[in-house]
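Q: What follows is a predicted structure for the sequence shown.
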Amino acid sequence: FEVPGPRPQLDLLFLRRFLRIQAVLFPKWPSPNVLMFLTLLCVALLEQLVIYQVGVIPSQYYEVLGNKDFSGFKTLTAIALTLIVVNSTLKSFDQFICNRMYVSWRKSLTEYLHSCYFQGQVYYSLHVLREDIDNPDQRISQDVERFCRQLSSMASKLIISPFTLAYYTYQCFHSTGWLGPVSIFGYFVIGTVVNKVLMSPIVSKLVQQEKLEGDFRFKHMQIRVNAEPAAFYRAGRVEHMRTDRRLQSLLQSQRELIGKELWLYIGINTFDYLGSILSYVVIAIPIFSGMYGDLSPTELSALVSKNAFVSIYLISCFSQLIDLSTTVTDVAGYTHRIGELQETLLSLGRKKKANYSEAKDSWDLDNHAGEDPMPGNTAFLLERVTLSVPSSGKLLIKDLSLRISQGSSVMIVGNTGTGKTSLLRVLGGLWESTQGSVEMLTCFGPHGVVFLPQRPFFTDGSLRDQVSQGPAARAGWYDVLSPGEMQRLSFARLFYLQPRYAVLDEATSALTEEVEHELYRVCLQLGMTLVSVGHRASLEKFHSWILKLHGEGRWELTRCEKMKQLPAGEEC
Ligand SMILES: Nc1ncnc2c1ncn2[C@@H]1O[C@H](COP(=O)(O)OP(=O)(O)OP(=O)(O)O)[C@@H](O)[C@H]1O
């Protein structure tokens, strides 16, 4: 397995992708996400103020207890209890805002990706024509979820760190001189460099593991969707083996990831424990250099306690940042996967926009009684079109010129794999022609063209939705209806929409000849012009032209003499 493109790492590409995602999470001022982030910043700052107060309480206890001051002890205890209540309330709010932010980020990022994914037919190009982006569905659902969860879990620590670092550096400088902050900063720089080296291989491993996770899930989905044919073929044993094989490679990748993480954990834990010793070394230096020679033992222990808190806290601020390394590697891995998807979606979207007008693409089902937005009686105009299979380059049709106008129905025939459906894909804007121009001069939907693909499309929704909205909740229409029933339902949709042009790709293959005849008759009576792909010769009489594809680019267009004349007065 190789991740396509550059190996995902903690590099400039990561930074660029991360910033691009941030622009989606924080689109403008004042968006709810920005406001939530600022609230989090305020709560985290307040929290730090209280933590500082709580932190210096032990040193005050030393003083009060050393002087046997009972009333001071009572006051101090009351203050400590109040501070603890305030602190825990603020901490809980901090967690609450982080969780809300996670949901809000997930909403923004997923909705953004959805808008790119469903725009034009980008989802089609992504799944059918692009092989470099694995499991886009998993990236949108699972990777975005984990990215937002991990990012929100480190949000409050990250936003507060510049403030706490600045404050405690000043405090540390105040009590230990320049030696304290300089040695702590030096320690942090070394820690970061070591961690960066340990983190990079984890990021690329994580990206690979997520791909294998997606492949494993996809295998289960394949079996779920094709449960019936698989059961007829008795495919259980083979599928069991194949699914287990995917599981094994996923588990192997997880083991390797854990192995690489071990070194990172060793790094993090070593720096954590070194940090706790470092704080006492930093305090010891002014003591041994005789700076506090005139203090009594009680005063000295109060001072040591206060200084220890300041430098321990400064070190712990840095340690917390180093502890975030594992979260950062996760975030970086997901950033690369989401970033790759975003880049591909945007480039596909731009390409689609350049080739196709959005106005022709969308139709509003509730308002289809209005004016025809594209008058004229030609639906498609093909000029010297050459068509090849995008992935293999196999030539299907060469130099085809064709005008499909109202009243001149065309039937496309030819052997298996000669490119009949591919020609419809070009008409529908799913594929691009290799040469020549394809113009669609009408819109999709009730006033223009409706496509009935070879596999009818049903989604969640009521029966009424299936007919009226076509391509809109009851799950499992595919499980409930027989192929023939699905084809009949597709025609119900066609008769409901009554478009001027209907493109039918073997739309009656599962029906009897009588029913097929009846359905085609109704189509003509409703004034539809048909572009059909079919194998039965009995269909020819419903068309004025026959386009025969011979494969390898050759084709033949003939006029059909058998065009059926509908008896006058025949009602549908
Ligand atoms: N997404 C794809 N990727 C690669 N090759 C494809 C793709 N879709 C179709 N092809 C290939 O293009 C050729 C033409 O396919 P097409 O679906 O147009 O055939 P057809 O004439 O409609 O066949 P049938 O009568 O079986 O429906 C076939 O060889 C097919 O394998």
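A: Nice, thanks for sending it over.

Q: contacts and neighbour counts: CA atoms only from here.
A: Noted.

Q: my read: residue 533 touches residue 502, true?
A: No - using CA atoms under 8 Å, residue 533 makes no contact with residue 502, being 11.2 Å away.

Q: These two: which is more packed in?
A: Set residue 533 next to residue 502 and count neighbours by other CA atoms under 10 Å: residue 533 wins out with 27 against 22.

Q: Can you name the residues that contact the more buried one?
A: Contacts for residue 533 (CA atoms under 8 Å, 6 or more residues apart in numbering) come out as 411-413, 420-421, 504-506.

Q: mind giving me a markdown table with these and columns for distance to residue 202?
A: Shown next, in a markdown table, are those (distance: CA to CA, whole Å):
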| residue | distance to residue 202 |
| --- | --- |
| 411 | 57 |
| 412 | 54 |
| 413 | 54 |
| 420 | 48 |
| 421 | 45 |
| 504 | 51 |
| 505 | 48 |
| 506 | 50 |
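
Q: Using CSV, lay out those together with distance to the ligand, pLDDT and secondary structure.
A: As requested, these are exported to CSV (distance: CA to the nearest ligand atom, whole Å; pLDDT from 0 to 100; DSSP: H, G, I helix; E, B strand; the rest coil):
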residue, distance to the ligand, pLDDT, secondary structure
411, 13, 94, strand
412, 9, 95, strand
413, 8, 94, strand
420, 4, 94, helix
421, 4, 94, helix
504, 12, 94, strand
505, 8, 93, strand
506, 8, 92, coil
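
Q: Of those, just say which sits nearest to residue 542.
A: Nearest to residue 542 among these is residue 411, at 8.5 Å by CA to CA.

Q: Burial check on that closest one, number of neighbours?
A: Residue 411 has 27 neighbours, counted by other CA under 10 Å.

Q: Kindly report the residues of the stretch 51-200 of the chain close to the ligand.
A: 128-129 (CA under 6 Å from any ligand atom).

Q: Nearest to the ligand within the stretch 51-200 of the chain, name that residue for me.
A: As assessed by CA to the nearest ligand atom, the ligand sits closest to residue 128 within the stretch 51-200 of the chain, at 5.2 Å.

Q: Now name the helix or strand holding residue 387.
A: Assigned by DSSP states H and E, residue 387 belongs to strand 378-388.

Q: average pLDDT for that strand?
A: Averaging pLDDT along strand 378-388 gives 91.

Q: average pLDDT across the helix or strand following that strand?
A: Using DSSP H and E, the helix or strand that follows strand 378-388 in sequence is strand 395-405. Strand 395-405 comes out with an average pLDDT of 92.

Q: Would you mind listing the buried residues in strand 395-405?
A: 395-400, 404-405 (16 or more other CA atoms under 10 Å).

Q: Which strands or helices does the top helix by length along the chain pack on?
A: Counting residues, the longest helix in the chain under DSSP state H turns out to be helix 236-288. Here helix 236-288 touches helix 144-176, helix 179-225, helix 297-323, going by 3 or more CA pairs under 8 Å, 6 or more residues apart in numbering; DSSP states H and E.

Q: Of those, which stretch is the most buried?
A: Compared across these, helix 297-323 shows the largest average neighbour count, a mean of 21 (mean count of other CA atoms under 10 Å).

Q: could you say what helices and strands it packs with?
A: By 3+ CA pairs under 8 Å, 6+ apart, helix 297-323 packs against helix 32-66, helix 144-176, helix 179-225, helix 236-288.
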